[in-house]
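**Q** sequence first, predicted model second:
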Amino acid sequence: MSRPAAPEWGTLALIVACYGAWLAVVFLLPLWLAVPAMAVVAALHSSLTHEALHGHPFRTKWLNEALMALPLTLFIPYQRFRDLHLAHHRDETLTDPYDDPESNYLDPQVWGALPGWQRRLLRVNNTLLGRIVLGPAIGQIVFMRNELRGGRDVARAWALHLPGVVAVLWVVAQSQMPIWAYVLSAYFGLGLVKIRTFLEHRAHENSGARTVIIEDRGPLAFLFLNNNLHVVHHMNPGAPWYRLPALYRSEKDRYQARNEAYVYRSYAHIFRSYFLRAKDPVAHPLWPKG
């Protein structure tokens, strides 16, 4: 992974602003407004955590990790997110039900063995509405099931994570925002992140064609720090978030050739198409491998 030659002060300023927004939301806003506002802050913090694990805004790894030490989204240790996400960046295993830690597909044999209520639940989860509402809970259950099988590295990640959770909740406890409302807003924040990950990758024989481009330049693109241009990120994983649009514009044809025109114009288009309709099957359509 490439490291920035000089500190990326804009990214640092955004991290500071994110923590400032967190404090302002929990201490100043009325509850009816604090919950949705905190969901947005939590989603932005998740996007900034993604930047940090890719080596931003500093060359020093521990300093980037220290900046994200307060887990505003509560549920996933930084080091586990880092390790699993970097494993996900092996394009040759994208969408693999076993080797891609972020795959939403199941082995067809596993799918066929599930009870009917689980298949119905997972079909709902494959709509955009289902992914936003149910996705964080389903993802956390699967994540925790796998974590319980982990070894020393997993235990260490959780040991470092839990004091951060305590610190975040202690700060919230000093505010007017109830703990239950904060936990709910963190859940909603992860639901917003699920909009980004909903169709980020598709099953395809060609590994280069598995990663999407969403040409959106609106509020969600900013909230996701331009990772809607996801094939650009996968091809330039060391590039900071603010360079991705220019990289895309400079070689748009190359990126679209790479992903075989897996392109959407906007998130509005995606909402219209898939809010109540699944884009993909739950069972991997190209599994087992030929």
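**A** Perfect, I can see it now.
**Q** going forward, measure contacts and count neighbours with C-alpha atoms only.
**A** Noted.
**Q** pLDDT score assigned to residue 290?
**A** pLDDT recorded at residue 290 is 49.
**Q** same question for residue 17.
**A** Confidence per residue is given as pLDDT, and for residue 17 that number is 98.
**Q** cool, residue 221 as well?
**A** Reading off the per-residue confidence, residue 221 sits at a pLDDT of 98.
**Q** which residues does the residue nearest to it when sequence neighbours are not counted contact?
**A** Across the structure, with C-alpha to C-alpha, 6 or more residues apart in numbering as the measure, the residue nearest residue 221 apart from its sequence neighbours is residue 228 (6.2 Å). Taking C-alpha atoms under 8 Å, 6 or more residues apart in numbering, we find residue 228 in contact with 196, 200, 212-216, 221.
**Q** if I look at residue 228, how far off is residue 172?
**A** Distance, residue 228 to residue 172, using C-alpha to C-alpha, to the nearest Å: 31 Å.
**Q** all helices of the stretch 1-150 of the chain, in order?
**A** Secondary structure of the stretch 1-150 of the chain (DSSP state H, counting those that start in this stretch): helices located at 9-28, 31-53, 61-67, 78-88, 108-113, 116-125, 128-133, 135-147.
**Q** ok, which of those helices comes nearest residue 179?
**A** With C-alpha to C-alpha, the closest approach to residue 179 among the helices of the stretch 1-150 of the chain belongs to helix 9-28: 10.2 Å.
**Q** that closest one to helix 31-53, inter-axis angle?
**A** Helix 9-28 and helix 31-53 are oriented at 150 degrees to each other (axes from the mean of the first three to the mean of the last three C-alpha atoms, to 10 degrees).
**Q** show residues contacting helix 9-28.
**A** Looking at helix 9-28 with C-alpha under 8 Å, 6+ apart, the contacting residues turn out to be 34, 37-38, 41, 44-45, 48, 56-57, 67, 172, 175-177.
**Q** among the residues you listed, show me the least confident.
**A** When these are compared, residue 176 shows the smallest pLDDT, 94.
**Q** now name the helix or strand holding it.
**A** Remark: residue 176 resides in no helix or strand, with elements defined by DSSP states H and E.
**Q** just to revisit the earlier point, if you rank the contacts of residue 228 by neighbours, which is first?
**A** residue 212 (27 neighbours; other C-alpha atoms under 10 Å).
**Q** look up how far residue 200 lies from that residue.
**A** In this structure, residue 212 and residue 200 are 5 Å apart, going by C-alpha to C-alpha.
**Q** mutual contacts of these two, please.
**A** With C-alpha under 8 Å, 6+ apart as the test, residue 212 and residue 200 both reach 228, 230.
**Q** quick one: contacts for the residue nearest in space to the middle of the chain?
**A** When C-alpha atoms, centre = their mean is applied to the chain, the residue found nearest the centroid is residue 193 (5.2 Å). Taking C-alpha under 8 Å, 6+ apart as the contact definition, residue 193 lies against 43, 46, 224.
**Q** with distance to residue 85 as extra columns, can I get these in a markdown table?
**A** Formatted as a markdown table, the entries for the contacts of residue 193 read as follows, by distance: C-alpha to C-alpha, whole Å:
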| residue | distance to residue 85 |
| --- | --- |
| 43 | 16 |
| 46 | 12 |
| 224 | 15 |
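**Q** of those residues, select the buried ones using a PyMOL command.
**A** Of these, the buried ones go into a single PyMOL selection, burial set by 16 or more other C-alpha atoms under 10 Å:
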select buried, resi 43+46+224
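**Q** closest one to residue 238 out of the contacts of residue 193, please.
**A** Relative to residue 238, and with distances defined as C-alpha to C-alpha, the nearest of these is residue 224, at 16.2 Å.
**Q** hmm, residue 44 and that closest one touching each other?
**A** Yes: under the criterion of C-alpha atoms under 8 Å, residue 224 is in contact with residue 44, at a separation of 6.8 Å.
**Q** and the closest residue to residue 94 other than its chain neighbours, what are its phi and psi?
**A** In space, and not counting its chain neighbours, residue 94 is closest to residue 100: 5.5 Å by C-alpha to C-alpha, 6+ apart. Geometry field for residue 100 lists phi and psi as phi -100, psi 110, criterion degrees, to the nearest 10.
**Q** show me the contacts for residue 100.
**A** By C-alpha under 8 Å, 6+ apart, the residues touching residue 100 are 87-88, 93-94.
**Q** these two touch, right, residue 207 and residue 95?
**A** No: under the contact definition of C-alpha under 8 Å, residue 207 does not touch residue 95, with a separation of 9.3 Å.
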